[in-house]
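Engineer: Build me a model from this:
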Amino acid sequence: MLEKGWNPRPPTDTLKKDLIDIHPTASSFKIMVDKVKLHANKSMNDAFDYAKQNWDKSHKVPGFKGGDLFLVSTLNFNNIKGPKKLKDYYVGPFIIIALHGSNAVHV
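Structural biologist: Predicted coordinates for the structure are as follows:
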């Protein structure tokens, strides 16, 4: 049912087939609104769970430790002058001195 996010359609049992002839009373309208809210919350929770499953499938936790060597990509460095084909793709190696969180390091 849920593949790409929130399904905005309310459940069919809350829709009245002949809305022109029947005006809902305040209590039945509240029941209908409560059902729609529950359905919206369930749909949002399903969407969050689906997105989390996809994130967990493709996410790789970085395994940095103090003292590791690493290279820095120069792909987005715009301040390196000279011919493009003579630029290095990576610079380094640098030594990790300390970790600041899961993916920030002190070099």
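Engineer: From here on, just use CA atoms for contacts and neighbour counts.
Structural biologist: OK.
Engineer: Find the helix or strand that the residue positioned nearest the centre of the chain is a member of.
Structural biologist: In the chain, the centroid-proximal residue (C-alpha atoms, centre = their mean) is Ala51; its distance is 6.1 Å. Using DSSP states H and E, the secondary-structure element containing Ala51 is helix 26-58.
Engineer: and the next element down the chain from that helix?
Structural biologist: Counting by DSSP H and E, what follows helix 26-58 is strand 69-73.
Engineer: now that next one: how far from the chain's centre is it?
Structural biologist: 27 Å (C-alpha atoms, centre = their mean, to the nearest Å).
Engineer: Need the contact partners of that strand.
Structural biologist: For strand 69-73, contacts defined as C-alpha atoms under 8 Å, 6 or more residues apart in numbering pick out 89-96.
Engineer: Now, those residues that are in strands?
Structural biologist: 90-95 (DSSP state E).
Engineer: Which of the residues you listed are buried? Put it as a PyMOL command.
Structural biologist: If you want just the buried ones from the ones in strands among the contacts of strand 69-73 in PyMOL, going by 16 or more other C-alpha atoms under 10 Å, the selection is:
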select buried, resi 95
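Engineer: So for the ones in strands among the contacts of strand 69-73, which is the shakiest by pLDDT?
Structural biologist: Within these, the minimum per-residue pLDDT falls on Gly92 (81).
Engineer: Not counting its neighbours along the chain, what's nearest that one?
Structural biologist: Closest residue to Gly92 apart from its sequence neighbours, by C-alpha to C-alpha, 6 or more residues apart in numbering: Leu71 at 4.9 Å.
Engineer: Read off the pLDDT value for that neighbour.
Structural biologist: Looking at Leu71, its pLDDT is 86.
Engineer: Return the distance of it relative to Val33.
Structural biologist: 56 Å (C-alpha to C-alpha, to the nearest Å).
Engineer: swap in Asp49?
Structural biologist: Asp49 is 24 Å from Val33, by C-alpha to C-alpha.
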